[in-house]
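1. Sharing a sequence plus its predicted fold:
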Amino acid sequence: MDKATNYISAINKFWEFHDQKSFTTTEISVFFYLLNINNKLYWVETFERNNKKVLADLNITYPTLSNARKILKKRGILDFLTSNGSAVCSYTFKIFLKVCNEVANEVANEVNNTNTNTNTINKKNSKKIDMCKLNFVNPKITDLFHVLLSQKKWKAKSIEAINLSINKINKYSTCELDTEMIIENTIEKNYQGIFPIDNKLINKNNTDEIMPAQAY
């Protein structure tokens, strides 16, 4: 499977696990953080991350990270290996991605079996969601986009429609903050579509970041 399909399959499967038994916000953050790292590395089988870097990026303590990793491992989401005296930990999504790929293949087979038009099937299967082509990506943007994809209205969209939405997000974004605001705006408007950012909203956010001077 290609990079984008790996990403989407892993996200969808994770939320299925979450529906069965909810993860904590920390466990969710650790999962998406490590998934994003692996995605940037083009889905290597095993990758390493310094514990101090993870703690700093997620603003959590080591015991919190340790507990979250143990839960994710117990649920079959990831595996990790630590070494005494080393701050580096190795991670793998190998087993989890294998499950995701098997599920994706089963779905693809069902589609193939129920569609009598071979040409149409080949055309559909050749198109992938280009989520990894978002111009600006960070853990928050990734999480927000996952929220969109998990909603009923977006699940009903064709792959072509989702790819067009990604193109619109890129068109209207000049920085990561723009991308976050555009996706948040879509969520606030009940997932109706992708729209340019309201200049009034930008000015408001910029104003909010300026602290008023203290009176003495």
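-> Received it, and whenever you're ready, just let me know what you need.

2. quick one: contacts for the most centrally placed residue in the chain?
-> By CA atoms, centre = their mean, the chain has its centre lying nearest to T142, at 3.9 Å. For T142, the contact set (CB atoms under 8 Å, 6 or more residues apart in numbering) comprises F32, N36. Every residue, glycine included, has its C-beta placed from N, CA and C.

3. Output the helix or strand where it lies in CSV with nothing but the alpha carbons.
-> Using DSSP states H and E, T142 falls within helix 139-150. Only the C-alpha atoms of helix 139-150 are listed here, as CSV (Å, rounded to 0.1, in the frame of the first residue of the first chain):
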residue,chain,number,x,y,z
PRO,A,139,0.1,16.9,14.9
LYS,A,140,-2.8,19.3,15.6
ILE,A,141,-3.7,19.6,11.8
THR,A,142,-3.5,15.8,11.5
ASP,A,143,-5.8,15.3,14.5
LEU,A,144,-8.3,17.9,13.1
PHE,A,145,-8.3,16.2,9.7
HIS,A,146,-9.0,12.9,11.3
VAL,A,147,-12.0,14.4,12.9
LEU,A,148,-13.3,15.4,9.5
LEU,A,149,-12.7,12.0,8.0
SER,A,150,-14.5,10.3,10.9
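
4. right, and the helix or strand after that helix?
-> Counting by DSSP H and E, what follows helix 139-150 is helix 152-155.

5. buried residues in that following helix?
-> W154 (16 or more other CB atoms under 10 Å).

6. Quick check: next helix or strand after it?
-> Following helix 152-155 in sequence, per DSSP H and E, is helix 159-172.

7. buried set for the following helix or strand past that following helix?
-> Next in sequence after helix 159-172, counting helices and strands by DSSP H and E, comes helix 176-188. Using 16+ other CB under 10 Å as the test for burial, helix 176-188 gives L177, D178, T179, E180, M181, I182, I183, E184, N185, T186.

8. Is the last one in contact with P196, as I believe?
-> This points to T186. No: applying CB atoms under 8 Å as the test, T186 and P196 come out as separate, 11.5 Å apart.

9. So which residues of the protein form strands?
-> 47-50, 79-82, 88-92 (DSSP state E).

10. how far out from the middle of the chain is the longest one?
-> Centroid separation between strand 88-92 and its chain, computed with CA atoms, centre = their mean, to the nearest Å, is 20 Å.

11. so what strands line up beside it?
-> strand 47-50 (antiparallel), strand 79-82 (antiparallel) (DSSP bridges).

12. Compare these and give me the one nearest F17.
-> strand 79-82 (15.0 Å; CB to CB).

13. can you list the strands paired with strand 88-92 in CSV and add mean neighbour count and mean pLDDT?
-> Output for those, formatted as CSV (neighbours: other CB atoms under 10 Å; pLDDT from 0 to 100):
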stretch, mean neighbour count, mean pLDDT
strand 47-50, 15, 95
strand 79-82, 14, 93
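
14. Just put these in a markdown table and tack on distance to S150.
-> Formatted as a markdown table, these follow (distance: least, CB to CB, whole Å):
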| stretch | distance to S150 |
| --- | --- |
| strand 47-50 | 26 |
| strand 79-82 | 25 |
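
15. ok, residues contacting stretch 23-31?
-> 14, 17-18, 54, 58, 60, 64-65, 67-69, 71-72, 75, 77-78, 139, 143.
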